[in-house]
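**Q** fold the following.
(chains A and B)
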Amino acid sequence: MEDKIAIPQNGNQFDISALNLYYGNFHALKQIDMKIEKNKITALIGPSGCGKSTFLKTLNRMNDLVENVRIEGTIRMDGRDIYRDMDSIELRHRVGMVFQQPNPFPKSVYDNVAYGPRIHGIRRKHQLDEIVERSLRQAAIWDELKDRLHKSAMGLSGGQQQRLCIARTLAVEPDIILMDEPTSALDPISTSKIEDLALELKKNYTIIIVTHNMQQAVRVSDDTAFFLLGEVVEKGNTEKLFSLPSDSRTEDYITGRFG
Amino acid sequence: MNKNKEKSMFAKEYFWRSLMTAGGLFVILLTIVIGAFLVYKGSATFTVFGHSLWEFIGTAEWAPEDSMAGGGAVGSLIFLVGSLTTCLLALIIATPFSLGTAIFMTDISPKFGERFYRPVVEIFAGIPSVVYGWVGLTVLVPAIKTVFDRQVGHSVLAAGIVLAVMIFPTITSVSADAIRSVPQDCRMAAYGLGSTRWQAIYRVVIPAAKPGILSGVILGLARAFGEALAVAMVIGQTTALPTSIFSTTKTLTTEIAAQMGNAMEGGETKSALWSMALLLFLISLFFIFLIHHFSKQREYAAKQ
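**A** As a prediction, this is how the structure comes out:
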């Protein structure tokens, strides 16, 4: 894409400090401090129930929709506190999300992609056409779908649906894309397409991906954070974390001793 | 397992299966028989008394002879128009409230909705129609008379309002079920893209639930169409085409209910009433066809 600067901008996209999250009395995230860098792919790994998805959802405030959630600490995005200086609508405009199950709307391919721009006030047909084409191209699915733009998105395969969901997210022009186990419901071929796509997108976006699959973390991510029982045990360069983990619990997990 | 035991097990199986099958067949048979009976009774107007179909549904001169000789006029346009206007008015009044209620109890305040609102709506559905009619007659009719300064309060408007209250729970609960069955994932996707709650409801949830909501509306319409008692109490029962929502008139059901006891068996009046019953039957069949059409559309949308 031409309209974004392709040179990686350095610096931190997210600066999280002393983050605690409670579901009622359950302490789900414990004292998390983390910096997430721009234009990198950060993988969040850990066993089920360790809090990685919960953590991801604090970054676009999807947890606000859950009852009885209490959040302490601060999350700054480009210096602004996302819980105090922004409303959730503005935040989610800038922080897109791709979910575990492909979840296209029961509408046409076109209307799926155009949904975001439309709710943010873009009405002109030619402008929408342009955004739809650009987003589908970015998600590497334009060639497959260009002849069926006005057919229902529910008829696509799971892998196509997931890439359509990515295109739908891109259409809003976010800075950051959160991916919550985006390939766990997909076959290996679709998975590798999504992984290639993530690598392509990191030129322009900051990506944070939750994954159960450690090979996936190794293949796509620059940094990895290992979560266990609501804590971040270790976070750092992916290669280093997988070859020379500094914490014995990390080593136990990545060598498959538990989880 | 010994052989006897096995035999008795299968005997039970067959017994219950035949019972269920017989029950099912009986219901189907009953529907067909009622339909056939209505066709038989209702066609006499056209075959025995020689009226044209157009005279029956297209003209408004209602003066059947209550005798075997016939020779009167059977134009029942008045009743058809009366039924249509009251029901449409009821729909126009009830649908916005029903949709609002359905959205409130599913997406806006689901906890309160489940615990308090839903039972209230169900109680609404259980109140007998004579009660609605009576309350309408005692409260609504005088109110319309005073507020709009009319000579009488009995009117299409009064009937429409009473029917609206009666079909409100039907439309509400069917719509709420349809809205509730929109996958949570869809809502999450909408919020994830930065939708406000209203945008998520209006642009994603409602369109996804549309076939179900339409089924609810048609079900409500069918109920309104078939209601005789409550309508008869507030509509004024005059044989004239309504000219405004303040006119008094009659509907298909109220005329049948009012005349069937007096008319001579086999006479022209009775035959015309049977034809009206047949017309009602055909209209409800049409509504049911529509509901199936919409629910099929919903299945199609889910798969497609």
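
**Q** C-alpha only now, for contacts and for neighbours.
**A** Fine.

**Q** skip the chain neighbours and tell me the closest residue to residue B:276.
**A** Nearest in space to residue B:276, with sequence neighbours left out and distances taken as C-alpha to C-alpha, 6 or more residues apart in numbering or on different chains, is residue B:252 at 6.5 Å.

**Q** and the one you found, what does it touch?
**A** Residues counted as contacts of residue B:252 (C-alpha atoms under 8 Å, 6 or more residues apart in numbering or on different chains) are B:79-80, B:82-83, B:276-277, B:280.

**Q** from residue B:228, how far out is it?
**A** According to C-alpha to C-alpha, to the nearest Å, residue B:252 stands 8 Å off from residue B:228.

**Q** equivalent analysis for residue B:66, please.
**A** Distance from residue B:66 to residue B:228, by C-alpha to C-alpha: 22 Å.

**Q** between these two, who's got more neighbours?
**A** It is residue B:228, of residue B:66 and residue B:228, that has more neighbours when counted by other C-alpha atoms under 10 Å in any protein chain shown, with 22 against 19.

**Q** ranges for the helices of the stretch 51-200 of chain B?
**A** B:53-58, B:77-103, B:110-112, B:118-126, B:129-135, B:141-147, B:156-180, B:184-192, B:197-199 (DSSP state H, counting those that start in this stretch).

**Q** what pLDDT, on average, does the longest one get?
**A** Along helix B:77-103, the predicted confidence averages to a pLDDT of 95.

**Q** give the buried residues for it.
**A** B:77-91, B:93-95, B:97-99, B:101-103 (16 or more other C-alpha atoms under 10 Å in any protein chain shown).

**Q** so where do the strands sit in the stretch 51-200 of chain A?
**A** A:69-77, A:80-81, A:95-98, A:176-180 (DSSP state E, counting those that start in this stretch).

**Q** which SS class is residue A:32?
**A** strand (DSSP: H, G, I helix; E, B strand; the rest coil).

**Q** mind listing what it touches?
**A** Here residue A:32 is in contact with A:16-20, A:231-232 (C-alpha under 8 Å, 6+ apart).

**Q** any idea of the pLDDT on the closest residue to residue B:64 other than its chain neighbours?
**A** Excluding its sequence neighbours, the residue lying closest to residue B:64 (C-alpha to C-alpha, 6+ apart) is residue B:72, at 4.3 Å. On pLDDT, residue B:72 comes in at 88.

**Q** number of residues surrounding residue B:72?
**A** Neighbourhood size, residue B:72 [other C-alpha under 10 Å]: 17.

**Q** phi, psi of it?
**A** Main-chain dihedrals, residue B:72, degrees, to the nearest 10: phi -90, psi -170.

**Q** I'd say it and residue B:63 touch.
**A** Yes. Under the criterion of C-alpha atoms under 8 Å, residue B:72 makes contact with residue B:63 at 5.5 Å.

**Q** export stretch A:11-21 as PDB, just CAs?
**A** Output in PDB follows, covering the C-alpha atoms of stretch A:11-21 (Å, rounded to 0.1, in the frame of the first residue of the first chain):
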ATOM      1  CA  GLY A  11       8.900   2.800  19.000                       C
ATOM      2  CA  ASN A  12       6.200   1.200  21.100                       C
ATOM      3  CA  GLN A  13       2.600   0.900  19.900                       C
ATOM      4  CA  PHE A  14       1.400  -0.300  23.300                       C
ATOM      5  CA  ASP A  15       2.800   0.400  26.700                       C
ATOM      6  CA  ILE A  16       1.100  -1.700  29.300                       C
ATOM      7  CA  SER A  17       1.900  -1.200  33.000                       C
ATOM      8  CA  ALA A  18       0.600  -2.900  36.100                       C
ATOM      9  CA  LEU A  19      -2.400  -4.400  34.400                       C
ATOM     10  CA  ASN A  20      -4.700  -6.500  36.500                       C
ATOM     11  CA  LEU A  21      -8.000  -7.900  35.400                       C
END
